[in-house]
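# I would like the atomic coordinates for the input below:
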Amino acid sequence: MKILYHHRIASKDGQYVHIEEIISALTESDHEIIVVAPESTDAKSFGESSSLVKRIRRLLPDSLHEVAEFLYCFWDFLKISIAVLKHRPDVIYERYNLFFPSGIWAKKLFDIPLLLEVNSPLLDERSKHGGLSLSRLAKWSETYCWKNADFLLPVTGVLGRIIESSGADANKIVVIPNGVNKKNFYEVEKNAEICRQLNLCGKLVLGFVGFVREWHGLERVVDVLKKHEDKPWVMLVVGDGPALKDVKQRAQTLGIEDKLITTGVVDRENVSSYMSSFDIALQPDVVAYASPLKLFEYLALSKPVLAPDTENIREILDSEQNGLLFDPKNNEDFSNKLEALCLSDELRSKLGAGAAMLIEDRQLYWRTNADKIVELMLTTQTKESVCE
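Next up, the predicted model:
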């Protein structure tokens, strides 16, 4: 098939990983991919955002920035139209964004089916956290896109119900969780060089990967390390973020700064080498509708995972079978579950084995996701495209 992959992501982060992995998996299945997107992210370092977007956000008030977002879709619609006329794709696959109806416009004009991947309810998310001035336009764009896509592909069932509550057809909603690339993430021995460099040899490593936010609550891990100060336990944070400074301050205040080891942002291709050194993988909190990329990577590496007992996490994990779940509203329960993992080799071994088995049994791979996407695309091909 010829697939026009449409998105508005200009940063090189977790969103970029999802896009790159799906495109790669579709390409490996011998489909032709035509990408319509903003500036290339290839030259960026992992974790780097678009310089143009950052300048616009810095210079313009929120309302004007949102106007610029919406106006971009007219330029984007022109780019899609040119790509459609040139390449004659069979289907459009789009990553949902707010103020971004251009893909639906192209679907309607050229009579091409469109599958819409949804990773978050951006209207609600930005209203609560980022501020939203043009709320009526934002709501119209979200509802318009959700109601007019041929299929909607949320990453969790929780998110699927949010989409359905907007008035979207439930029969068009198909949940496809995030996945993992089995070529890059698989059960491997600890990287001896990294262990030496970071002074991890002989220590129990509690690992976290990603962008550290305040709501992750990593200070709770520091408190557990302080309680068991006499034991060779350390926390390794592979990444950076605005809340890391507070975590470091907490460790320093408690006099255990040597038990907190940070790497800063690590290139994507090297992440699994650092994660191989984890004895316990931390998913200390999660957005209620999210499908955390790191969770699947932890599981594929056979790491025992500590994660919150929330509905979206329970869509993947079974507590005490392939992960250990804690009450996210109870800090004491978090500490008790973390201590249990630290103190029991048997529990860590059991959960690690269950993690690897879960990934394989449910085929939680990007390649499997791509196959499901193609199956849905094929069901849309009963309509004859005007471009044929």
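# show me the contacts for the closest residue to Phe110 other than its chain neighbours.
Nearest residue to Phe110 in three dimensions, chain neighbours excluded: Val84, at 5.1 Å (Cβ to Cβ, 6 or more residues apart in numbering). For glycine as for every other residue, the C-beta is placed from the backbone atoms N, C-alpha and C. For Val84, the contacting residues are 4, 106, 110, 112, 387, by Cβ atoms under 8 Å, 6 or more residues apart in numbering.
# Quick check: phi and psi at the fourth one.
The phi/psi pair for Ile112 (degrees, to the nearest 10) reads phi -110, psi 130.
# quick one: it from Glu193, how far?
50 Å (Cβ to Cβ, to the nearest Å).
# More neighbours: which of the two?
More crowded of Ile112 and Glu193, by other Cβ atoms under 10 Å: Ile112, with 24 against 9.
# Low-confidence ranges, the chain, go.
Along the chain, the parts satisfying pLDDT under 70 run over 40-62, 187-188, 382-388.
# can you give me the strands for it?
Secondary structure of the chain by DSSP state E: the strands cover 2-6, 32-36, 91-95, 114-118, 151-154, 204-211, 233-240, 260-262, 280-282, 305-308, 324-326.
# quick one: which of those is nearest Gly131?
Proximity to Gly131 (Cβ to Cβ) singles out strand 204-211 among these, at 19.8 Å.
# How far away from the center of its chain is the closest one?
Put simply, strand 204-211 sits 16 Å off its chain's centre (Cα atoms, centre = their mean, to the nearest Å).
# How far does stretch 367-380 sit from its chain's centre?
For stretch 367-380 - counting by Cα atoms, centre = their mean - the centre lies 20 Å from the chain centre.
# Using CSV, write out every CA atom in that stretch.
Output in CSV follows, covering the C-alpha atoms of stretch 367-380 (Å, rounded to 0.1, in the frame of the first residue of the first chain):
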residue,chain,number,x,y,z
ARG,A,367,5.7,-4.6,14.1
THR,A,368,2.5,-6.2,15.5
ASN,A,369,0.9,-2.7,15.8
ALA,A,370,1.8,-1.9,12.2
ASP,A,371,0.1,-5.2,11.1
LYS,A,372,-3.1,-4.2,13.0
ILE,A,373,-3.0,-0.8,11.4
VAL,A,374,-2.7,-2.3,7.9
GLU,A,375,-5.6,-4.7,8.6
LEU,A,376,-7.8,-1.7,9.4
MET,A,377,-6.5,0.2,6.3
LEU,A,378,-7.5,-2.7,4.1
THR,A,379,-11.1,-2.6,5.5
THR,A,380,-11.3,1.0,4.2
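# Distance from the top helix by length along the chain to the middle of the chain?
Across the chain, the longest stretch assigned as helix under DSSP state H is helix 62-87. Offset of helix 62-87 from its chain centre (Cα atoms, centre = their mean): 25 Å.
# Same question for stretch 134-154.
21 Å.
# Now it: buried residues?
134, 137-139, 141-142, 145-146, 148-154 (16 or more other Cβ atoms under 10 Å).
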